[in-house]
Structure formats: structure tokens, C-alpha cells
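>>> what shape does this take:
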Amino acid sequence: MKDFVARKAHAVPPSGIRRFFDIAATMDDVISLGIGEPDFDTPAAIVRAGISSLRDGETHYTSNSGVLELRVALADHLEQLYGVRYDPETELLITVGVSEALYLAMAATVDPGDEVIVPEPCFVSYNPEVVFAGGTAVNIATQATHDFQLLASQVEEVITEKTKTLLMGYPNNPTGAVMSRERLQDVARLAEKHDLLVISDEIYDRLVYGVEHTCFASLPGMRQRTILLGGFSKAYAMTGWRIGYAAAPAEILAAMRKVHQYTIMSAPTTAQYAALEALKHGEEAVQEMRTRYDRRRRLIVDGLNNIGLTCFEPRGAFYAFPSIAATGMTDEEFSERLITEERVACVPGSAFGTSGAGHVRCSYATAYDKIEQALERMARFAQRHG
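Residues are numbered from 1 along each chain as shown. Now for the predicted structure:
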């Protein structure tokens, strides 16, 4: 029988995250530091808005671009936060999470043979989405010595005549790194010099600690060459609602909308009305959750360093990314033995690209007392293994 599976699907390995979740699911008393999902429930007012939309008969398709009232509120939100204004009619698209937004950006802009620069470690779907779009991912290894921030000089080293796009995600998953405004400006100057399109995944923009997030599109000259991706999953604890957005110049967004029309039609209607409530009245909940994440962040980073698992200070998202070099194990071996011996689940850093090897991702999107217990178990494990 013929192999009916496309070569590009064969070329992409399964997610390196899922295997450890599957192992954890077979065990009792596991503390998971693996999942990249808020442990908070969606704020009650947002849930009520979703329920009300159903009761009000909002159970039909919306415009392909999304509910106009939501797009208007989102345009105001981005302008208020970052001083960058998008036309709700032509430059904003509501999507099924940021995952769909990324797929649309790739499908609408990447031609076969185009090179897309992707800094690593990075979210697991970045490289596969480039492959599925027919492009070639060109990876750059960011380093702990630079707090996992991307350097413009690294980008310039790999630019060729085939380079079309830079895809980056900050605040970063899995490292928790946040790009400084100065380094983003360096990247912006390079994008202009080499006429690059920049796809900036900023899903964790509201979850930063002691620093300020810089929206890449807000930098001088960058709005017209940037596809900004964002959403509601992380800041508003709305992962299951599957609601995100893309913001881009009208010509680019029209191409993305076309792919969206034929692939999705429209994002879930109920989730759109919930997202509207989040923008209108969800700020207090965002601030409360961020404060609690920050407390957990300080606990886990201090705890890991005290154990001997060296960890730079993450300034965004809800991940710590310690080195496990002191144990002499690979990140795969460390993760497997940690869950087997101490019932603590984390994710090998190599799941996020080869430059993540020698590290593990530990999410602090779990209860404070659970993190304390996990650290105690990890201390025992580290002591046993040198």
C-alpha cells in the first residue's frame, strides 16, 4: 500500500512535551511543573459573559474577521498599552488561539524555499509551522549568558538572499526571557536594512515582572513590516476558550483572512463575547494573577538555584529554565528519572530546540504549596545525583 502521508508531515517529529504528560497521567501523586497553562479558572465575569451570549442567541457564525465590537475594543486596548493603532475593519483578525494566528501568518506569507529565521529555544510549534508552510527554518541558538535574548548580530550572520521572515516570541516560552527595548531596536534596524517581515508572538505580553514589555510593532518603522500575534489564553486564564488575534498591515491581513475563511470560517462566537468582557473589565483579574505568578516565580527561581540547578532570572511568562548540567545527565534522562523517582514532571529543554539541551522547563503556573513540595523532591533528587 502507498504511503499516503505527505513528506512534510513525516519530517516533523511529535511534540516533545506530550510524552511527559502521558507518563505523568499513568502515575499517582505527580506534581506537574510541565504544563504551560494557568492553574486559575477563567474569571467569573468573563464566564458569565460567555454564558449570556448563548442565552442571548449568539450561536451563529460571526464575520470572518470576528465580532466588530471585539475588534474595536482590541484596537483601543493595543493603542492604550503600546501606542500602536490598528484599523478594526482591515487590520485585526480574531483567531482560534494564537496557534491558528501563527498558522495563518505562515500560510499567507511563506512560499516554498523561503527561509524563516527562528531563534531557539522556542515554542514547539514554530519550526513545524514553517515546514508545513513549505519554508525552511533557520535556527539561532540564544544563550543563558545573554539571558536568552536574541542578538541582532546573530540574526545578521544567517541572513541570505532567501531570508524573508524573522519569527520570534517574547516574553519567551520556554525560557521566560524578555527582550530589552534596546535589543529589540537593534533587531528592528536589521529588519529594515534587510527588508524582513517580522512575526512577533506576544501571547505573554501582560505577564512580565519588574520590567516593561515592548511591543515590536510599536518601534519606529516596524508596524508596516510586523505581524503581531496575541491572545487571551495566558493573561486571562482562557486557554480552553481558544481565542487569539493577529494584527498586521491591511494587505498582509487580507491574505491571512483569506486562509482563515477557507480553513476556519470564524473563531468561536461564545469565546469572542467572553474576550470582549475580558478587555472591558478583566484588568483587575490580570493584575491579581500576575502578582501571584510573581510570588511563585521568586520561590521557584530561588529554590532551583539553592538546589544547585543554576537558573537565570526569568522576567516574563510563567516558566523557569534551569540548567541541569550539575547532575551530569541529559535533559531527557533528568526529566525521566525525576518523574520516576520523585513524581515531579518537567519538560526537557531539547523539546524546544537543540539549544535548549541541558536545561528543563519548569512552569510555575501551579499552586505555591505545590511548588514548595516539588522543590523539596527535586532537592532530594539533586542530592542523590551529585
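
>>> now E69, what's its secondary structure?
Using DSSP: H, G, I helix; E, B strand; the rest coil, the secondary structure recorded for E69 is helix.

>>> I339 touches A345, doesn't it?
Yes: between I339 and A345 there is a contact under Cβ atoms under 8 Å: 5.0 Å. Using the backbone N, CA and C atoms, a C-beta is placed for each residue, glycine as well.

>>> what about these two, which has more around it?
The residue with more neighbours, out of I339 and A345 and counting by other Cβ atoms under 10 Å, is A345; that gives 23 against 20.

>>> distance of that one relative to F352?
For A345, the distance to F352 under the criterion Cβ to Cβ, to the nearest Å works out to 16 Å.

>>> A374 too?
Computed with Cβ to Cβ, the distance linking A374 and F352 is 20 Å.

>>> for the stretch 51-200 of the chain, just list every one of the strands.
Applying DSSP state E, counting those that start in this stretch to the stretch 51-200 of the chain gives strands spanning 92-95, 115-120, 136-141, 163-169, 197-201.

>>> same for the shortest one, what does it pack against?
Using 3 or more Cβ pairs under 8 Å, 6 or more residues apart in numbering; DSSP states H and E as the contact test, the elements touching strand 92-95 are helix 68-82, helix 97-109, strand 244-247, helix 250-263.

>>> tell me, how many neighbours does K280 end up with?
When neighbours are counted by other Cβ under 10 Å, K280 registers 16.

>>> how about low-confidence regions in the chain?
Across the chain, the stretches falling below the confidence threshold (pLDDT under 70) are 1-2, 18, 20-21, 23-25.

>>> and if we set it to 90?
The chain contains residues with pLDDT under 90 at 1-4, 6-29, 34-36, 385-386.

>>> which stretches of it form helices?
Per DSSP state H, the chain carries helices over the ranges 7-11, 18-25, 44-55, 68-82, 97-109, 126-132, 152-158, 181-193, 250-263, 269-281, 283-307, 331-342, 368-384.

>>> list the contacts of the closest residue in space to E37 that isn't next to it in sequence.
Taking Cβ to Cβ, 6 or more residues apart in numbering as the measure, E37 lies nearest to T239, with 5.0 Å between them; neighbours along the chain are not counted. Applying Cβ atoms under 8 Å, 6 or more residues apart in numbering, one finds that T239 lies in contact with 37-38, 233.
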